[in-house]
Every structure is written in structure tokens, then in C-alpha cells.
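> make a model of this:
(chains A and B)
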Amino acid sequence: AQSVTQLDSQVPVFEEAPVELRCNYSSSVSVYLFWYVQYPNQGLQLLLKYLSGSTLVKGINGFEAEFNKSQTSFHLRKPSVHISDTAEYFCAVRSGGSNYKLTFGKGTLLTVNP
Amino acid sequence: NAGVTQTPKFRILKIGQSMTLQCTQDMNHNYMYWYRQDPGMGLKLIYYSVGAGITDKGEVPNGYNVSRSTTEDFPLRLELAAPSQTSVYFCASRPGTSGSYEQYFGPGTRLTVT
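As a prediction, the model looks like this:
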């Protein structure tokens, strides 16, 4: 069975600083990987996804993530954050053996301070 | 398109009461899902459906029931509410054809059982 570990439950940063949110997964088969964002009191929306091909994936709002198969990681990065990026971020994996389901990490709360 | 809609947005139940959380999608998606979100725990899958008339249990199905009589609707039923069911509930859907496996989320229902 697949699992997802988000290594930091909270990440505080100052505005315009770079940020990296870490995600590691475990799966014995090929994976599809996702990052979702949840703004306060809202549902989840997709930031970016890795299905195949280039290991560097670009998403919305200036975020990008890099798939590293040898380290089983899919870390999310942004070179310069804004106050409006304050939200909870979830990493999710869909393994090749499970057609229907995503497994989510526990989330990382990114707080951007002025 | 409205996407995935959920009603109600908020609800307070007394222990032992019953209620149905409504979920409707207008994207003609085959797959639908119910998750619960508890602080610091990420999202846990309660039930899912791969099409009208077909449902299956997720990770945490106890205390819940679902039905899928149409493609659009996937209601979640709580029969005897317990304080442990205090949570935020999200409905999601995705197309049935192979592709990105991205799930589209509703805005959530915040349920308190006292």
C-alpha cells in the first residue's frame, strides 16, 4: 500500500522568501503525484501534478515541484512567496495498483508573514 | 458549470441524531468520493463510487452509509451521530476515463456533534 509523509506540519516564512514543502512517498509501483492547496474555509484545489515525462513540474501561482524517483520525493517549491500563499498544502499519491483512490499526506500549513 | 456542490455548509447535531450530507456534481464524472478532514490528520477516505449503483468502502467507513442512484448525486448518511464524527467532510469527483486522476473537490460541510 502507498503512503505519503509530509515532513513539516507547519512552515512559517517571511514574504518574498523562498519556500520548500517536503513530501516523501512509498509505493512499490509507478506513481502519479499531486499537490493540492486549501485556502482557509475552502475546499482543495489542484496546484500541480506529475504523471510522467519531465521530472520538474510547474503549476499555478508560481509553484513547481520535482519528482525524484531514487529519493521517493516530490518537494514543492516557490522562489518568492506572497501573503496570499498562506494556506494548507497537501501532497497526494495515486499508485499504479489503485485505480480509484488517492492517498493524502497530513498537510503542511504555510504561513507567510509580512 | 458549478462543479461539485455540497449542502449544508455547516450543521450541528446532537448525539444519536441522523442526517444526510448532500453532494452533487455537474461534470458527468463517473467517480465520486467522500473524505473527512480532521486537524493535523489530512484527508481520510470514507466511501467511494465508480458509477451509479456501485459503491465501496474506504479507510474509515464505520458509522456512515452511501448510495449512488444517479451519476450526479452521492449523498453520505450518518445514522447515529457520535462526537467522533465531528469533522469537515469533503466530496470529490473525477472523470471515469483514464487521464490525470485529478479529483475535483467541493467546498466542504463542517459538522459538529455534541
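
> show me what from chain B comes close to chain A.
B:4, B:31, B:33, B:35, B:40-43, B:45, B:48, B:50, B:58, B:90, B:92, B:100-103, B:105-108 (C-beta under 8 Å from any C-beta of the partner chain). Where C-beta positions appear, they are placed from N, C-alpha and C, glycine not excepted.

> tell me the contacts of residue 22?
Going with chain A. A:6-8, A:73, A:75, A:108 (C-beta atoms under 8 Å, 6 or more residues apart in numbering or on different chains).

> oops, I was thinking of chain B
Residue B:22 touches B:6-8, B:73, B:75, counting by C-beta under 8 Å, 6+ apart.

> equivalent analysis for residue A:61, please.
Contacts of residue A:61 (C-beta under 8 Å, 6+ apart): A:37, A:47, A:78, A:85.

> wait, which of those is closest to residue A:24?
For the contacts of residue A:61, the closest approach to residue A:24 (C-beta to C-beta) belongs to residue A:47, at 17.5 Å.

> for the closest one, what are phi and psi?
phi -90, psi -50 (degrees, to the nearest 10).

> tell me the SS of the spatially most central residue of chain B?
By C-alpha atoms, centre = their mean, chain B has its centre lying nearest to residue B:34, at 2.9 Å. Under DSSP: H, G, I helix; E, B strand; the rest coil, residue B:34 falls in the strand class.

> correct me, but it touches residue B:43?
No - under the criterion of C-beta atoms under 8 Å, residue B:34 makes no contact with residue B:43, lying 10.1 Å away.

> now the common contact residues for these two.
With C-beta under 8 Å, 6+ apart as the test, residue B:34 and residue B:43 both reach residue B:90.
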